[in-house]
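Participant: Below are the sequence and a predicted model; questions follow.
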Amino acid sequence: MTNPPSTIQNLIDQFNKLPGIGPKTAEKLVFFLLKQPRESLSEFAQSLLKAKDNLTICKICQNLSEISPCLICQNPHRDKKVICVVADTQDFMALEKTGVYSGLYHILNGTLNPLEGITPNKLNVKQLVERIKNDKIKEIILAFNPDVEGETTILYLTKLLKEFKIKITRLGRGLPTGSDIEYADEITLTNALQARKEL
């Protein structure tokens, strides 16, 4: 069996490092891109570099943004006393698309997973606690995937935040166990937001 040229194999290896991309998918993506005109590839590469250069982390919610504070944190019409805590930017985007939530967000930058070395000090927990202390927050919504890591994170944060005597809720059971927030449809997420339960 003949191996592909090292240039192609290097590209496949790079795509294979992306989450959810196996060797076959990586190979398919590489050959698709190599068939594209040079201008399209250049535009693709420039868009990626521009995003990397122009995006920053919002100093309030820890979300990716072109400005800091981000537009949501600056918006005077958002409810500044409610924070929806999510694992990552994809989950924030999915919830924001529902159009039913009018509070603020906090991006935790992952969920607890001690087996992979993801402990509370690796997440944006300290920043969340500071916001609760400084901004007189009334409700925290814990919006995590209904899997082991999400449930572990909910248990940890619930215990940690109880001392602040604020309302702590979680998304309702509109989300089936084992599903991902970012892939849920807007109706399911709307139901989950509206049916959130106090912890």
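Facilitator: All right, it came through fine.

Participant: Only the C-alpha atoms, please, for the lengthiest helix in the chain, written as PDB.
Facilitator: Identified as the longest helix of the chain according to DSSP state H is helix 38-54. What follows is helix 38-54, C-alpha atoms only, in PDB (Å, rounded to 0.1, in the frame of the first residue of the first chain):
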ATOM      1  CA  ARG A  38      -6.300  28.900  -4.900                       C
ATOM      2  CA  GLU A  39      -8.300  32.100  -4.300                       C
ATOM      3  CA  SER A  40     -10.900  30.200  -2.200                       C
ATOM      4  CA  LEU A  41      -8.200  28.600  -0.100                       C
ATOM      5  CA  SER A  42      -6.500  32.000   0.400                       C
ATOM      6  CA  GLU A  43      -9.800  33.500   1.500                       C
ATOM      7  CA  PHE A  44     -10.400  30.600   3.900                       C
ATOM      8  CA  ALA A  45      -6.900  31.000   5.400                       C
ATOM      9  CA  GLN A  46      -7.200  34.800   5.700                       C
ATOM     10  CA  SER A  47     -10.600  34.400   7.400                       C
ATOM     11  CA  LEU A  48      -9.100  32.100  10.000                       C
ATOM     12  CA  LEU A  49      -6.100  34.300  10.600                       C
ATOM     13  CA  LYS A  50      -8.300  37.400  10.800                       C
ATOM     14  CA  ALA A  51     -10.600  35.700  13.400                       C
ATOM     15  CA  LYS A  52      -7.500  34.700  15.400                       C
ATOM     16  CA  ASP A  53      -6.100  38.200  15.300                       C
ATOM     17  CA  ASN A  54      -9.300  40.200  15.800                       C
END
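
Participant: Can you name the element that comes right after that helix?
Facilitator: As assigned by DSSP states H and E, the chain's next helix or strand after helix 38-54 is strand 56-57.

Participant: Give the pairing partners of that next one; include direction for each.
Facilitator: Using DSSP bridges, strand 56-57 pairs in its sheet with strand 64-65 (antiparallel).

Participant: What pLDDT is listed against the most centrally placed residue in the chain?
Facilitator: The residue lying closest to the centre of the chain (CA atoms, centre = their mean) is Asp88, at 1.5 Å. pLDDT, Asp88: 95.

Participant: With Ser6 as the reference, measure out to it.
Facilitator: As judged by CB to CB, to the nearest Å, Asp88 and Ser6 stand 34 Å apart. For the C-beta atoms, the positions are set from N, CA and C on the backbone; glycine is no exception.
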